[in-house]
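> Return atomic coordinates for the entry below.
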Amino acid sequence: MFFLVFFVLLSTVFADEMPGAQRYSYSKQVGSGSGQSYVINGKGRITGIRMWEAYNNYIYGLQLRYDYTWTRVMGFQRGQVQEMLLFDKETIVQISGKYSHYIHSLKFSTNLGRSLSAGQPWGHSFNMYGNNEKAELRFVSGRFHGGITSVGAHWVVVSQTYLEKGE
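Next up is the predicted model:
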């Protein structure tokens, strides 16, 4: 985890000096942060989201899809599952929700105005987005214990070179 944070910080410093570089930002974790840490990441761009919610309770589990591959579930596959597959050139540009000890609700919003919501609107509000208007969600990190207890977002501006290569 330390290496990943170091790489992100180093990349941010040299982003303007490296051709085809990506620009990164981080939305600090919200929630109590108790339990086991997780990072949901993969190869390619995010193309889908799944969340498991308990009725009148909180978010149990999260899963992302990168290109055509789903990551493993962070947390638990309990309760009702909510899923959204992204269209071509659609990206996640905002995460918002409510938290106390657990993450009680999550809403992922896209650059095309679509969103996926799960959970119950109870607790403190939060809103996450990249520092650059062209930023998209790259990966999610946090902690879980019985349910998701914290969530943080890592954003990137994908370089034109990366897009042209179709990676």
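
> how about the spatially most central residue of the chain, phi and psi?
Centroid-nearest residue in the chain: residue 140, 3.7 Å away (criterion: C-alpha atoms, centre = their mean). With angles defined as degrees, to the nearest 10, residue 140 sits at phi -120, psi 140.

> same check, this time on residue 150
Dihedral angles for residue 150 - degrees, to the nearest 10 - are phi -160, psi 150.

> so it makes contact with residue 36?
No. Look at residue 150 against residue 36 with C-beta atoms under 8 Å: they stay out of range, at 10.9 Å. In this view, the C-beta of every residue, glycine as well, is placed from N, C-alpha and C.

> Overlap in contacts, these two.
The contact sets of residue 150 and residue 36 overlap at residue 143 (C-beta atoms under 8 Å, 6 or more residues apart in numbering).

> Strands along the protein, start to end?
23-31, 36-40, 46-53, 59-66, 69-70, 74-75, 80-85, 92-99, 103-110, 115-119, 124-128, 136-144, 148-157 (DSSP state E).

> got TSV for those, with mean pLDDT too?
TSV is the format used below for the strands of the chain (pLDDT from 0 to 100):
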stretch	mean pLDDT
strand 23-31	96
strand 36-40	97
strand 46-53	98
strand 59-66	98
strand 69-70	98
strand 74-75	95
strand 80-85	97
strand 92-99	98
strand 103-110	98
strand 115-119	97
strand 124-128	98
strand 136-144	98
strand 148-157	97
